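> Here is a sequence with its predicted model. Questions after.
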Amino acid sequence: MLRPIGVILCILGLAALQGCSDQTPIQVGFIAGTSGRVADLGIDGRNGAILATEQLNAAGGINGRTVELIIRDDQQNTELAQRHTQEFIDLQVEAIIGPMTSAMAMVAEPIATQAETLMIGATITTNQLSGKDDYFFRTLPATNYLAAHIAQFQLNRQIESFAIALDSRNLAYTKDWSDDFIAVVKQGGGQIKRIIHFESSENAPFSDIAKQLLEDNPEGVILICNSVDAALLAQNIRKLDKKVSLAASEWAGTERLIQLGGKSVEGLAVDQFMDRSSTLASFQNFSQQYLDRFNKQPGFAALTTYNATRVLFETLNQQHDNETLKQTLLRVKRFTGVQEPIIFDAYGDTRVRTYTTLVTDGQFRVVK
């Protein structure tokens, strides 16, 4: 008796050991602000995720299945972040990468957790997501580590009085960062002379903010905001004071800070999540592949999102039939990053090395 033609074709088309396995693409969501004032962070993150996905698919995918990356722009808008997260859940994606800012993560996480859909944040550092038994994992440490690191660096340089400017549109990150920085400064005998809240926009009064920051003659000014706002604030501060020390949170540490800030950001201190001068073969390969694909050098968001995407793919590859992705990720726990290993704790939090840099001759130079 002849077999049905569909069965015969299936057998001929696949390896004998694999049988007629599912060949439909694995869908993965990606959400980030790829337009507006924080677009440099989102675009670099999107590119990092695209590169990791294309490399995986070129290598045969996961068990013969390619990955389809579905990209959405949250425009740094909480309603859009919530809507896109729910859309991904309705599509039954395997997991979601992003968002890229803490404010968006805070509104997306409850939706993903309720649906038991794994979400991996590549640039999320708010303390408010630390130590939670949820479905939000992240590949970077929280602000209580990051802000303390740069605070101690400044104190070690004998800079002991500060004025702070922070973006109130991303308070889940900026307020945490500010509080953690202040705690270390005060513990070290320093003082905070002034804190200025502002809303990131094209019409923000950067000149007035700069004047207020300098009114009490601080030794250092701390900018807790995106790269565009940090560059504009630095320019206005330097018009009034050429010598005051400038430092910024990691959020500002993208290539756009230097492109827009120019000489105004020379000497600015900012922690980074990658060492751009690294001679590691894995980093050199990643940088060249990114340059070849996107015609520009990768920023930190590209690297951290590339890492996060590869963490997800490795988790999918190692998932057992009776496991959720969350269970698999917690079982595997340790993953290889481009420059540093990524090790998750029981709550999906991690701590990786940061690199303190000073902007020197238009480049982020690591302080050895």
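Done, it's in.
> Tell me, how many residues neighbour the nearest residue to L91 once chain neighbours are set aside?
Computed as Cβ to Cβ, 6 or more residues apart in numbering, the closest residue to L91 that is not its neighbour in sequence is Q27, at 6.3 Å. Quick note: C-beta positions are derived from backbone N, CA and C, even for glycine. Each residue near Q27 was counted by other Cβ atoms under 10 Å, and the total is 15.
> now swap in the one 10 residues further on and tell me
Using other Cβ under 10 Å, R37 is surrounded by 19 other residues.
> residues in contact with I124?
Counting by Cβ atoms under 8 Å, 6 or more residues apart in numbering, I124 touches 99-102, 105, 136, 138, 140.
> give me that answer again for 6 Å
Shown in contact with I124 (Cβ atoms under 6 Å, 6 or more residues apart in numbering): 102, 105, 138.
> State the distance from the second one to M119.
What it means is A105. 8 Å (Cβ to Cβ, to the nearest Å).
> quick one: buried residues of stretch 23-31?
26, 28-31 (16 or more other Cβ atoms under 10 Å).
> cool, and stretch 83-96?
Buried, per 16+ other Cβ under 10 Å, within stretch 83-96: 83-85, 88-89, 93-96.
> which stretches of this protein form strands?
For the chain, applying DSSP state E gives strands covering 26-32, 67-73, 95-97, 118-121, 136-138, 161-167, 191-198, 220-224, 245-248, 269-272, 334-335, 342-343, 355-360, 363-366.
> Each with direction, which strands does the third one pair with?
Right, strand 95-97. strand 26-32 (parallel), strand 118-121 (parallel) (DSSP bridges).
> How far away from the center of its chain is the last one?
In terms of Cα atoms, centre = their mean, to the nearest Å, the gap separating the centre of strand 118-121 from the centre of its chain is 11 Å.
> which outside residues touch that strand?
Taking Cβ under 6 Å, 6+ apart as the rule, strand 118-121 contacts 95-97, 105, 112, 135-138, 308, 312, 325-326.
> Make a markdown table out of these and add pLDDT and distance to I192.
Output for the contacts of strand 118-121, formatted as a markdown table (pLDDT from 0 to 100; distance: Cβ to Cβ, whole Å):
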| residue | pLDDT | distance to I192 |
| --- | --- | --- |
| A95 | 98 | 40 |
| I96 | 98 | 37 |
| I97 | 98 | 36 |
| A105 | 97 | 27 |
| A112 | 98 | 36 |
| Y135 | 98 | 36 |
| F136 | 98 | 31 |
| F137 | 97 | 33 |
| R138 | 95 | 28 |
| A308 | 98 | 34 |
| L312 | 98 | 40 |
| L325 | 97 | 42 |
| K326 | 97 | 40 |
